[in-house]
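Q: Quick one, fold the following:
(one chain, ligands or ions: 2)
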Amino acid sequence: MIERTLVLLKPDAVQRALVGEVLSRFERTGFKIIGLKMCYAAKETAGQHYADDEQWLRSVGEKTKKSYEAKGVQVSEDPLEIGKRIRSQLMDFLMLSPIVAVCVEGHGVISKVRTMVGATAPSSAMPGTIRGDFAFDSYGLADKSGRPIQNLIHASDSRESAEREIKIWFKDEELHPYQRVDEALLYRKVE
Ligand code: UDP
Ligand code: MG
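A: Ligands and ions are numbered 1, 2, ... in the order given. Reported below is the predicted structural model:
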């Protein structure tokens, strides 16, 4: 089924001039870029994107906790509190400098793009993934500096979040469906 997903090239990707590299990976896969813009994230938009949602805040806090526990360090702080702190850091980071918002369309695009993006912490993201190839930031390094993990890119993690996030960044008229030439080959009917 044809899906749409929301990708953000975060300030570190733009500042490191990785926009073309990342976009070309999606293009070469055959996915279709149907929305693309550079902008500064307003505080309200950043707050909508990183929503004040308890379940998500807890899951973000759990990631930090697990990374410490893997190193034998016990963390007593409630994951929800950690998540709230990271959300505020993330909002500040997103507003630091221009970002690029992208809407990508294709069959199974949501999960394939997540695979191409790689694990949250670039330090453990697989080579071949965007985060694994172009960054090495870690939970520890980020925490020491009081900032979120700089991992270049955001990608929607489910149909529901894709739908919600695309609406935050793009108006309907900013999305541009069109045909790629390779669709004739991909979707041809063989008699
Ligand atoms: N993040 C962080 N520390 C954490 C978990 C998340 O700094 O312990 C940041 C990181 O930049 C990540 C973003 O918060 O990309 C959103 O977290 P999420 O769990 O949604 O990770 P993602 O889906 O981006 O891999
Ligand atoms: Mg996420």
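
Q: I'd like the average pLDDT over stretch 53-72.
A: Regarding stretch 53-72, the rounded mean pLDDT is 94.

Q: in it, what's buried?
A: Of the residues in stretch 53-72, Leu57, Arg58, Val60, Gly61, Lys63, Thr64, Lys65, Ser67, Tyr68 count as buried by neighbour count, 16 or more other CB atoms under 10 Å. Yep, even glycine has a C-beta here, placed from its N, CA and C like the rest.

Q: now do stretch 172-190
A: Buried residues in stretch 172-190 (16+ other CB under 10 Å): none.

Q: mind exporting that stretch as PDB, just the C-alpha atoms?
A: Provided in PDB are the C-alpha atoms of stretch 172-190 (Å, rounded to 0.1, in the frame of the first residue of the first chain):
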ATOM      1  CA  ASP A 172      -2.200  20.100   1.700                       C
ATOM      2  CA  GLU A 173      -1.200  22.500  -1.200                       C
ATOM      3  CA  GLU A 174       2.500  22.000  -0.300                       C
ATOM      4  CA  LEU A 175       2.300  18.300  -1.100                       C
ATOM      5  CA  HIS A 176       2.800  17.600  -4.800                       C
ATOM      6  CA  PRO A 177       1.800  14.100  -6.200                       C
ATOM      7  CA  TYR A 178       3.400  13.300  -9.600                       C
ATOM      8  CA  GLN A 179       4.600  10.300 -11.500                       C
ATOM      9  CA  ARG A 180       8.200   9.000 -11.500                       C
ATOM     10  CA  VAL A 181       9.300   7.500 -14.800                       C
ATOM     11  CA  ASP A 182      10.200   4.200 -13.100                       C
ATOM     12  CA  GLU A 183       6.600   3.700 -12.000                       C
ATOM     13  CA  ALA A 184       5.800   2.400 -15.600                       C
ATOM     14  CA  LEU A 185       8.200  -0.500 -15.000                       C
ATOM     15  CA  LEU A 186       7.300  -1.100 -11.400                       C
ATOM     16  CA  TYR A 187       3.500  -1.100 -11.800                       C
ATOM     17  CA  ARG A 188       3.200  -2.600 -15.300                       C
ATOM     18  CA  LYS A 189       0.800  -5.500 -15.800                       C
ATOM     19  CA  VAL A 190       2.400  -8.500 -17.300                       C
END
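
Q: what sits up against the strand or helix carrying Arg164?
A: Assigned by DSSP states H and E, Arg164 falls within helix 159-169. Residues external to helix 159-169 that are found in contact with it (CB atoms under 8 Å, 6 or more residues apart in numbering): 3-6, 8, 35, 37, 45, 48-49, 51, 101, 103, 110, 156, 175.

Q: Around ligand 1, pick out the residues from this structure.
A: 59-60, 63-64, 86, 90, 120, 139, 142, 148-149, 151, 154, 157 (CB under 6 Å from any ligand atom).
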